[in-house]
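**Q** model this:
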Amino acid sequence: MSRGRDSRLARRVASAVLWLVVWQVASLVVGNAVLLAGPLETVVRLAQLVFDARFLSTVAFSLTRIVGGFLAAFVSAVLLALAARRWRAVEDALAPAVTALKSVPIVCIIVLLLMWVGSRSVSGIAVFLAVFPAVYFSALEGLADVSPQVGEMLRVFGVRGFRGFCAHTWPELLPFLLGTSRNVCGMAWKAGVAAELIGSPMGSIGERIYQSKILLETADLFAWTIVVVLASWACEQVFVALLARSGKASLALALRLPRGETLSCPPAEVRIVDASIGYGEKVVASGLSFVVPVGGRLLLDQESGYGKTTLLRTIAGLQPMLAGSLSAPRSVSMEFQEARLIEDMTAEQNVELVAAGGSALLREVLPADALAVPVRELSGGQRRRVELVRALAYRCGAVLLDEPFASLDEDTRRTCESFIDVHLEGRPLLVASHV
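**A** Numbering: from 1, shown residues only. You can find the predicted model right below:
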């Protein structure tokens with residue numbers, strides 16, 4: 001790995017040296033420093049600028065406005081995208097304005113801003129208006145890609161609101177924002193310096209570039225351009241690094257926030273009378289009647305298509321019953337037919353997210369070395385056991401298991417059956433299985 005990094009670094013250095021040589025040769029061919037200053041003259045002038053008394057104040061003037069406009073745009077775009085995803089009216093109201101911002105040339109916006117707010121504030125506002133559409137549309141795309149299946153699982157286990165956002169929404173949204181941030185950081189500096197160049201507020205980088213143009217000081221122009229490029233690169237590296245770390249911080253915060261233990265309830269019977277279940281107008285099964293008392297168990301072992309999963313989802317409150325009556329505990333746990341885990345969390349964290357004491361329970365069915373690695377690295381059978389432990393660890397009134405023994409060998413299945421017997425604690429149990 002280290003050898004690969006060294007090789008990439010060597011190629012990048014060689015490429016940079018090549019273009020510096022091309023630049024120097026072009027400067028010598030032109031033979032006029034006013035038309036094309038060479039790299040040596042530019043480096044000398046850059047060193048002089050750095051030690052100039054006004055250098056830090058000039059960079060600070062532009063930096064604060066550009067970074068401020070960028071952060072305001074980023075936060076506003078994410079918050080409004082969340083609102084637009086939840087309320088269609090918000091998305092419809094924002095669509096014309098955001099589309100217009102995306103299409104209108106930034107120069108036209110800058111000219112209008114100069115007329116409205118003056119030159120000293122124009123760069124920050126221009127950056128905001130340039131960055132906002134890109135982040136907003138990226139956030140909308142990311143939110144549309146957030147797994148609804150995992151969201152359903154979290155609702156069943158009482159992980160709602162801000163905890164659900166930290167555990168699920170933000171980590172899945174983050175890759176979209178990271179990809180966009182690598183582009184919009186540079187865009188922010190381009191828009192900000194362009195606004196300063198047009199408005200020329202005193203003490204800004206744009207004003208110094210404009211003076212270089214007026215005085216035909218090409219070396220100064222190149223030197224300030226290098227300052228802009230380096231500042232843009234540094235801002236991008238810092239922001240992207242902090243944004244990337246926010247994923248782990250979000251998961252850690254979800255684990256620290258209160259679990260909402262008020263959702264816990266004592267075991268209670270599950271009773272269904274003359275029920276019809278299905279989706280919309282499609283009836284999957286009808287005439288269902290049964291009672292699973294406290295301490296009772298019901299095995300649903302019909303063929304595929306009978307509606308076993310639909311029945312469990314109905315009891316869990318994930319979809320309405322089409323007809324009949326249902327009496328069930330206000331809080332249930334469920335192991336879903338397909339894997340629904342927080343992939344960047346460990347096995348311990350996936351259980352601790354919904355219930356305390358997950359480590360001890362996991363050790364009964366998993367090897368110790370599988371507890372502290374992200375669940376994405378576990379085998380299918382190990383992931384299944386994590387979900388089984390989570391369902392039994394959650395304090396609720398009934399337990400619903402959909403194909404709990406899928407991907408398990410016979411020995412592991414017997415271990416899991418014993419685990420259920422020990423930790424069911426009198427709660428009604430409904431199991432859907434092909435066996």
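
**Q** count the neighbours of Arg245 for me.
**A** Neighbour count of Arg245, defined by other CB atoms under 10 Å: 10. Yep, even glycine has a C-beta here, placed from its N, CA and C like the rest.

**Q** what about Pro96, how many residues close to it?
**A** So Pro96, with other CB under 10 Å, has 9 neighbours.

**Q** tell me the pLDDT of it.
**A** pLDDT recorded at Pro96 is 93.

**Q** what backbone torsions are found at it?
**A** phi -60, psi -40 (degrees, to the nearest 10).

**Q** now Ser200
**A** Torsion angles, degrees, to the nearest 10, at Ser200: phi 50, psi 50.

**Q** so it makes contact with Ser119?
**A** Yes: shown here, Ser200 and Ser119 form a contact pair, counting by CB atoms under 8 Å, at 6.5 Å.

**Q** OK, contacts around Leu177?
**A** Each residue near Leu177 by CB atoms under 8 Å, 6 or more residues apart in numbering is listed here: Val78, Val135, Ser138, Ala139, Gly142, Leu243.

**Q** would you list the phi and psi of it?
**A** Leu177 adopts backbone torsions of phi -70, psi -40, taken as degrees, to the nearest 10.

**Q** quick check: it vs Ala234, distance?
**A** 19 Å (CB to CB, to the nearest Å).

**Q** now, of the contacts of Leu177, which are buried?
**A** Val78, Val135, Ser138, Ala139, Gly142 (16 or more other CB atoms under 10 Å).

**Q** show me the contacts for the residue nearest to Gly380 when sequence neighbours are not counted.
**A** The shortest distance from Gly380 to any non-neighbouring residue, by CB to CB, 6 or more residues apart in numbering, is to Ser407 (4.2 Å). With contacts defined as CB under 8 Å, 6+ apart, Ser407 is in contact with Ser379, Gly380, Gly381, Arg384.

**Q** if we go to 10 Å?
**A** Counting by CB atoms under 10 Å, 6 or more residues apart in numbering, Ser407 touches Ala339, Ser379, Gly380, Gly381, Gln382, Arg383, Arg384, Arg385, Arg413.

**Q** let's have the residues you listed in TSV, adding secondary structure and pLDDT.
**A** Formatted as TSV, the contacts of Ser407 follow (DSSP: H, G, I helix; E, B strand; the rest coil; pLDDT from 0 to 100):
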residue	secondary structure	pLDDT
Ala339	coil	91
Ser379	coil	94
Gly380	helix	93
Gly381	helix	94
Gln382	helix	96
Arg383	helix	96
Arg384	helix	96
Arg385	helix	96
Arg413	helix	94
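
**Q** by neighbours, which of the residues you listed wins?
**A** Most crowded among the contacts of Ser407, counting by other CB under 10 Å, is Arg385 at 25 neighbours.

**Q** pretty sure it contacts Asp409?
**A** No: counting by CB atoms under 10 Å, Arg385 does not reach Asp409; the two are 11.7 Å apart.

**Q** need the overlap of contacts for those two.
**A** Common neighbours of Arg385 and Asp409 (CB under 10 Å, 6+ apart) are Thr415.

**Q** need the contacts of Ser407 in a markdown table with distance to Gly186, can you?
**A** Listed next are these as a markdown table, based on distance: CB to CB, whole Å:
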| residue | distance to Gly186 |
| --- | --- |
| Ala339 | 39 |
| Ser379 | 42 |
| Gly380 | 42 |
| Gly381 | 46 |
| Gln382 | 43 |
| Arg383 | 40 |
| Arg384 | 45 |
| Arg385 | 47 |
| Arg413 | 55 |
